[in-house]
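*Asks:* Just to be clear, the model below is a prediction. Sequence and coordinates:
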Amino acid sequence: MNTKKKKLTTSFGAPVDDDQNSITAGTTGPVLLQDVHLIDKLAHFNRERIPERIVHAKGAGAFGYFEVTHDLIKYTKAKFLSEVGKRTELVVRFSTVGGEKGSADAERDPRGFAVKLYTEEGNYDFVGNNTPVFFIRDPLKFPDFIHTQKRDPATNLKDPDMFWDFLSLTPESIHQVTILFSDRGTPKSHRHMNGYSGHSFMWYNEKEEYVWVKIHFKTAQGIQNLTRQEAEILKGRDPDHATRDLYEAIERGDYPTWNVFIQIMTPEEAETYRFNPFDITKVWPHGDYPLKPVGKMVLNRNPTNYFTDVEQAAFSPGNLVPGIAPSPDKMLQGRLFSYHDAHRYRLGANFQQLPVNAPKVKVLNYQRDGFMRLKSDFEGAPNYYPNTFGGPAPDSTAKWPSLKVSGKGARYAYTHPNDDFEQPRTLYRKVMTDVDRDHLIGNIVDHLGHAKKEIQLRQIVLFYKVDPEYGTRVADGLGMDIEEIKRSLNQ
Ligand code: NDP
């Protein structure tokens, strides 16, 4: 053990003579303003908290690596995917969505599944969830949707009426609602869940040939979930159970692993596919688009400072590298703006320079200054472009393939012929077991039972449209009259 005492300093590095007694006028007199160390300490303490994330406030993180296991050159020129066996360092953050920073890990909620890979071409972020679909498919609805999952502005209470009011008026949510209220809505831990890109992305090769890709991280620990009753107990007994589980598993060398797969759709197939491939309320059924293995992710290092390593970690689906580009998924398009914007607000204009966010490659551009500028890689270059003084220049090989679009700019309602009930119907009828269905109905009844009758009725209609049995069982559980439901369906 190092017995040599480390010296305490002020934040400006000067030695501190005493950290127990403020400077006072005499032994019992008032404190003197000249106690710079005291003021430095109190003032910094007042500023220790930054705004919590508006969504995904409660989270846990870890470091690790991604390793390529299959040849992908045909599909993408991304350098980190260029060679079997190649490893890329990464940071991960798992989270719940609606709760505040101190909320319980066992809440029924989708889980955020965000990965930042420090590639040699800049940072590539995968910002997915543990569910393959989402509640809405237009970013214009997002703030309203999130308001309903948070607190009532008057009472400051979570409100089952606003929760179900919005969902029952938003039929496209029914697929995600069915997954959320299955036991997958309460994963046993962050290690026991999958991560899905939800959105499709464009992967393109050196010849600018592209395909559409969805990405799946499948847990090697196996899917394990909590029942509603187990989750209720855990919320009180150990609100940080998933944070603890992740940390302890890594500490004991039981490194959590996910096998990574992609689904691939050609642009030609996308034009005629029976589901809109860019609608995030839909999956691409495996029967049509099988999973193709690409690599694995291993988490093998815990954060040493939660704030700098996890709280300040800023992920964005807009952090893309050559070989990967966005799709026209409307929700993705909204997120390309929202995530970077949220980080600028929460962490400041220079958030990309914070150690956990900083790319491992040199960043050279014409952005200058701003609050908390940490460093300069400018090499004396001017702060404007074009210039004749050796400043960095764009590289046209980094351009995305051009995307064919047509039509007039307008606000279009969703017009794709396929209905929103088919996929949840498959999930309810074919994928779920009897036990899954029992738990699903119980979980819904327990929550929806707290909403007003008229809202319950409207939501039951949606369950009924997925499958009459599904709607009838929820109605029975709530003591509602199924004939009343049928009458409202015929109206
Ligand atoms: P498959 O039978 O090929 O796939 C079913 C999928 O459902 C599996 O990936 C399984 O995930 C997952 N699953 C199992 N139990 C549940 C549950 N309680 N809640 C949510 N997902 C569950 O069928 P399809 O590909 O045709 O998909 C059928 C339905 O399965 C979809 O409509 C969708 O609701 C759901 N699903 C589909 C996914 C896809 O990408 N195609 C991904 C996840 C769910 P796992 O193997 O990881 O346990």
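*Replies:* Noted; the coordinates are in hand. A quick note: this is a predicted structure, and the numbers were derived from the prediction, not measured.
*Asks:* Of all the helices and strands in this structure, which has the lowest average confidence?
*Replies:* Of all the helices and strands that make up the chain, helix 482-490 has the lowest average by mean pLDDT, DSSP states H and E, namely a mean of 72.
*Asks:* Any stretches of this protein with poor pLDDT?
*Replies:* For the chain, applying pLDDT under 70 flags the ranges 1-3, 488-491.
*Asks:* switch the cut-off to 50
*Replies:* Along the chain, the model assigns pLDDT under 50 to no residue.
*Asks:* Please parse it into its domains.
*Replies:* 23-360, 419-490 (automatic domain parsing).
*Asks:* From the chain's centroid, how far away is the shortest one?
*Replies:* Translated: domain 419-490. 28 Å (CA atoms, centre = their mean, to the nearest Å).
*Asks:* can that domain be found next to the ligand?
*Replies:* Yes - shown here: domain 419-490 in contact with the ligand (CB under 6 Å from any ligand atom) through 423, 426, 427, 431, 432, 436. (Glycine included, C-beta is placed from N, CA and C.)
*Asks:* Touching, the fifth one and residue 182? I think so.
*Replies:* Yes - with contact taken as CB atoms under 8 Å, residue 432 and residue 182 are classed as touching, separated by 6.8 Å.
*Asks:* out of the two, which sits in the more crowded spot?
*Replies:* residue 182 (21 against 18; other CB atoms under 10 Å).
*Asks:* Quick check: that one vs residue 423, distance?
*Replies:* From residue 182 across to residue 423, the span is 14 Å (CB to CB, to the nearest Å).
*Asks:* from what I can see residue 360 touches residue 120, true?
*Replies:* Yes - if you go by CB under 8 Å, residue 360 and residue 120 touch, sitting 7.5 Å apart.
*Asks:* To residue 17, which of the domains of the chain lies closest?
*Replies:* Smallest distance to residue 17 across those (CB to CB): 8.2 Å, for domain 23-360.
*Asks:* In this model residue 422 seems to touch residue 174, though I could be wrong.
*Replies:* No - between residue 174 and residue 422 there is no contact under CB under 8 Å: 10.6 Å.
*Asks:* Specify which residue of those two has the higher count of neighbours.
*Replies:* Neighbour count, other CB under 10 Å: between residue 174 and residue 422, residue 174 has more, with 23 against 15.
*Asks:* Distance check, the residue nearest to the more buried one when sequence neighbours are not counted against residue 214.
*Replies:* Distance criterion CB to CB, 6 or more residues apart in numbering; nearest residue to residue 174, sequence neighbours excluded, is residue 462 at 4.9 Å. Taking CB to CB as the measure, residue 462 falls 25 Å from residue 214.
*Asks:* Next: residue 450.
*Replies:* 35 Å.
*Asks:* Neighbour count: the two, which is higher?
*Replies:* Set residue 450 next to residue 214 and count neighbours by other CB under 10 Å: residue 214 wins out with 23 against 13.
*Asks:* Surely residue 200 and residue 215 touch.
*Replies:* No - using CB under 8 Å, residue 200 is not in contact with residue 215, being 9.1 Å away.
*Asks:* For residue 411, see how far away the closest residue to residue 425 other than its chain neighbours is.
*Replies:* Leaving aside its sequence neighbours, residue 425 sits nearest to residue 466 (CB to CB, 6+ apart; 5.2 Å). According to CB to CB, residue 466 stands 28 Å off from residue 411.
*Asks:* and what of residue 433?
*Replies:* Taking CB to CB, one finds residue 433 at 42 Å from residue 411.
*Asks:* and what of residue 222?
*Replies:* From residue 222 to residue 411 the distance is 44 Å (CB to CB).
*Asks:* So if I had to pick from these two, which one is more boxed in?
*Replies:* residue 222 (9 against 6).
*Asks:* Tell me, how many residues neighbour the nearest residue to that one once chain neighbours are set aside?
*Replies:* What sits nearest to residue 222 in space, not counting adjacent residues and going by CB to CB, 6+ apart, is residue 192, at 6.6 Å. Here the count is done by other CB under 10 Å, and residue 192 has 18 residues near it.
*Asks:* buried stuff in the longest helix belonging to the chain?
*Replies:* Counting residues, the longest helix found in the chain (DSSP state H) is helix 330-347. For helix 330-347, the neighbour count (16 or more other CB atoms under 10 Å) marks 330-336, 338-340, 342-343, 346-347 as buried.
*Asks:* Flag every buried residue along stretch 449-463.
*Replies:* 451, 455, 456, 457, 458, 459, 460, 461, 462, 463.
*Asks:* Alright, I will stop here.
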